Each structure stands twice: as structure tokens, then as C-alpha cells.
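1. return a 3D structure for these sequence lines:
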Amino acid sequence: MNLVSCEKKEKSTCSVVVEATAAEFDTACNQAYQKMKSRIAVPGFRKGKAPRKIVENMYGSGVFYEDALEIMLPGVIAFGNTENKLKTVGQPSIDDVKVNDDKSVTITYTIALYPEVTVGEYKGIHAEKPAVEVTEIDIDGEIEKERYKNARMETITNRPVINGDTVNLDYCGTLDGVAFEGGTAENYELKIGSGSFIPGFEEKMQGMMTGDERDLELTFPTEYHSEELAGKDVIFHVKVNEIKAQVMPEVDDEFVKDVSEFDTVAEYRESLKKDLTAQKEASAQTTFESNVMEKLIETVEGEIPDAYVDQFIDNQVTNMSQSLSQYGMTVEQYCQMMGTTLDAFRENMRPNAEKSAKSTLALEKTVEAENFEISDEELDEGYQDLASAYGMGVEDGKKALAADTVKEDRKMAKASRLVIENAVAEAPAAAEEAAAE
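-> Just a heads-up that it's a prediction; the model follows:
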């Protein structure tokens, strides 16, 4: 093979022209013949026994060209990329294929180049970190959740129905004096205020006592799913069989002993404060790290080809496909259910994929600048993490993933830690003032 030309184009792509010799093309044609001959029928020969020249005379000299070119292309592209020392991403597009008079072949293809970018200062990045504050209201909120979890239902006999009660009732709905389908039930449990019934039903039950009966004059919504009832005036005759209310436990030392390992309300509140502080600190740190990476991404300069970003979209689609498969659904079915197409769905992923792409490139530049190396101990840790994440043995992990791949992953993790550990946390107000300046 001979390299004819290599020309860099816009959007970090490169147009490469390679010429394969007549001998190389003839070899590929012969391989195509060997692949196809068992399916070729030629009069006077048993199937698969006709010589190549006879087949070409009968069907034309170019009968094997298409398959031959398909056989040659991987080698042509590998040759062109190697000769030009190109670091590429994605699959090439074949722009032109020409079989010359001397039976040599000229192939032109375009391929995306691995992005060449520059990154700004990655140490000392200033980024916003939310303040961590746990108030008495926060603690009260946690206690309220626990009270709801330990609430009990109690039958009410000394007052009428109010919002929030659960009522056992019989009802019968009629339209023009005739009961309609689905409008009758006995001993139905309804929580007042839940919005389970048509507008007005639950509101007009408030004030009823146990044993009371009442006619509720109501109107079905105009967009009700049943055309026979949509927009119609009806009457529901209801009878209250029982009223139950949720009774919340008092917050005292006995309650604390029941729901925790502590003996007093004060100890319980202090424990809740400690837990909430830890949760908020973890959340603030996560937000800070995300903000740091956003700042780092902003310093990335250089063209990033679509083919590189497409790899990140592919990963997102693959991950989603694996998640959906647990529910017996494909990505295509999900898109159809959401009223969109796979192409549109992929485009919606592009903004986040572009961020992931820039983040990866920025960390790669950090690895390069710091000249990170991975020790045997760190490599073992990487395999252990892999085994834990995928529920496999360490030795299985070593078979599944090459050491160089694990090392690269650990280098990227080192770079991320370096950037974050050297970042400067700022309160939201300080970050806003810095941005304004």
C-alpha cells in the first residue's frame, strides 16, 4: 500500500487517501471468490468448483469487487492511520473508492481525530460550596417523620368527619335517578382530602357523623374518561359507617425509647442533629466537587469532534438499556412510550455527554502534566474495587479487564482527587461576588 495524502479538516477530522496495489486488490478479490464460490452456479461445473476466471468471464470482471473492497478496508484504514500516526476516535466514513485502470485501488476516507485540547490551571480552582447548617426546624421535621411512621389509627365517635380522616362508607351514584356503572360500593375506605373522588365529593362529606346519610349533588369533570358521565350532574347517596383518624404519638422519653437507642428527648435530638449534619456535609461536598469540575471544564479549549462525544452518548444509552432490560423493555420501546425517537433521545443526551467528554479530556491532561504512575498495590486496589462493583472475584476481574485499562482508570481517579483537594471552597455569596468582578 501507498499513502497518497493526509489532510486535516475542520472539526478535528482528517481526510486520508491510500492506494492499494493491483496485487493487493487481486488477493482480496481471490479471498472474496473463495468466500462466495460455494454459492455460485456455472453451467458445466459442480457448485463451488468453477475457477475464478470462468466466473468473472460469465458475471463480469467486477463480480468480486464489492466483497473484495469490504475485505480490504480494515487493513487500508489501519495502514493510513499508522502511517500518519493518527490517534483517532469513532468509525471512518468512506468518501470515495476508485478501481484504477491498472487494477490498483484508491480509497479516500475521513476519520475523526482524538481531541487536542488545552486546559487551564487545575490547582487552586475556586468554587462554591453550600453552607452546612442544621436548624431546630430540620430536627423537628425528622421527628415528625418518625411520628407518622409510628402513628396509629383510632375510631372516632365524638365528632364529625374532618379533612385527613379515613372514612368507611357506602355510596351509590345515580344519573337522572338511575344508578350508573362503577358508581356503587359498600364499606369503601376513603381518606378525606386525598382527591381520590371527583371534585366536591370529599369536601361535602365533611361534617357528617357516624351513621349519617347524605345526598351529594355533584358534577363530573368535562374531561372525565367515561363519555356517558363527562360533564353530567349526578347524585351520590352516601352513608358513613365509621370514622378513623391518625393519632400521632407524643414526643416524650417513652417515644424516644421506642424509636431509638436513646433514653431522653434531648439525647435523641442531639443524635438527629449529628446525623443531619453529616448528611448535609456529604451533600455539600458532592455539590462542591461538581462545581469544581464545572470550573475545570470551562478552561478546556480546542475542537472536540462529534464522534468523540458520540462515544459518551453510546455509553449512556448502553447503561440505560441495561437498566430497562430488568423491566423487559428496550430503549426503543421506552422512546416510543415517551413519544420520541431514539435519534431525538440521543440528541437530548448530547449536552451532558459534551460535559463528560470535556471532563475526561481535562483529567487526561492533568494525568499527563503530573506524570502519574500506578503501583502494583494501587493496581490490586483497582481490581478489588472492580470486583466489589460487579460482584465478581478479583481473579475474574483480572481476566475481564486488562491491567493497562485499570491503571488508566486509577490515574484518572488520582487526577480528580488532586483537582478537588487543591480547590478552594467559597461560600455562595463570595462566589457570586467573584463572578461579578
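
2. from here on, contacts and neighbour counts on C-alpha atoms
-> Noted.

3. which SSE is residue 182 in?
-> Here residue 182 sits within strand 178-191, counting by DSSP states H and E.

4. show me what that strand is packed up against.
-> Contacts defined by 3 or more C-alpha pairs under 8 Å, 6 or more residues apart in numbering; DSSP states H and E place strand 178-191 against strand 166-175.

5. run me through the strand neighbours of the strand it packs on, direction for each.
-> Strand 166-175 has the following sheet partners, assigned by DSSP bridges: strand 178-191 (antiparallel), strand 233-247 (antiparallel).

6. neighbouring contacts of the helix or strand harbouring residue 68?
-> Residue 68 is located in helix 65-83, with elements delineated by DSSP H and E. For helix 65-83, the external contacting residues (C-alpha atoms under 8 Å, 6 or more residues apart in numbering) are 1, 3, 16-18, 20, 25, 28-32, 87-88, 109.

7. buried ones from the residues you listed, can you make that a PyMOL selection?
-> Those of the contacts of helix 65-83 that count as buried under 16 or more other C-alpha atoms under 10 Å are selected in PyMOL with:
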select buried, resi 1+3+16+17+18+20+25+28+29+30+31+32+88+109
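
8. can you name the two of the contacts of helix 65-83 that are farthest apart?
-> The distance between the two most remote of the contacts of helix 65-83 (C-alpha to C-alpha) is 31.9 Å, for 30 and 87.

9. quick one on the thing from earlier: out of the strands paired with strand 166-175, deepest packed?
-> Ranked by mean neighbour count, the strands paired with strand 166-175 are led by strand 233-247 with a mean of 19 (mean count of other C-alpha atoms under 10 Å).

10. and that one, average pLDDT?
-> Across strand 233-247, pLDDT averages out at 96.

11. can I get that strand in CSV, CA atoms only?
-> Backbone C-alpha positions of strand 233-247 (Å, rounded to 0.1, in the frame of the first residue of the first chain) are rendered in CSV as follows:
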residue,chain,number,x,y,z
ASP,A,233,-74.9,16.3,37.1
VAL,A,234,-75.2,13.3,39.4
ILE,A,235,-76.3,12.5,43.0
PHE,A,236,-74.2,10.3,45.3
HIS,A,237,-76.1,8.9,48.3
VAL,A,238,-73.5,8.2,51.0
LYS,A,239,-73.7,6.6,54.4
VAL,A,240,-70.8,6.9,57.0
ASN,A,241,-70.2,3.6,58.6
GLU,A,242,-67.0,4.5,60.6
ILE,A,243,-64.7,7.4,61.1
LYS,A,244,-61.0,6.8,61.8
ALA,A,245,-58.2,9.3,62.5
GLN,A,246,-54.5,9.0,62.6
VAL,A,247,-53.3,9.6,66.1
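
12. contact partners of that strand?
-> Here strand 233-247 has contacts from 151-157, 161, 164-176, 187, 208-220, using C-alpha under 8 Å, 6+ apart.

13. apply 6 Å and report the result again.
-> 151-156, 165-175, 210-219 (C-alpha atoms under 6 Å, 6 or more residues apart in numbering).

14. can you select the buried ones among those residues for me in ChimeraX?
-> To isolate in ChimeraX the members of those that are buried, counting by 16+ other C-alpha under 10 Å, one can use:
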select :156,165,166,167,168,169,170,171,172,173,174,210,213,215,216,218,219
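
15. mind listing the helices for this structure?
-> 22-36, 52-59, 65-83, 136-149, 201-205, 253-259, 265-298, 306-325, 331-337, 342-370, 376-390, 394-400, 403-421, 428-436 (DSSP state H).

16. so which of those gets nearest residue 92?
-> Each of the helices of the chain has some distance to residue 92 by C-alpha to C-alpha; the shortest is helix 65-83, at 8.1 Å.

17. in the closest one, what counts as buried?
-> So for helix 65-83, counting by 16+ other C-alpha under 10 Å, buried means 65, 67-69, 71-72, 76-77, 79-81.
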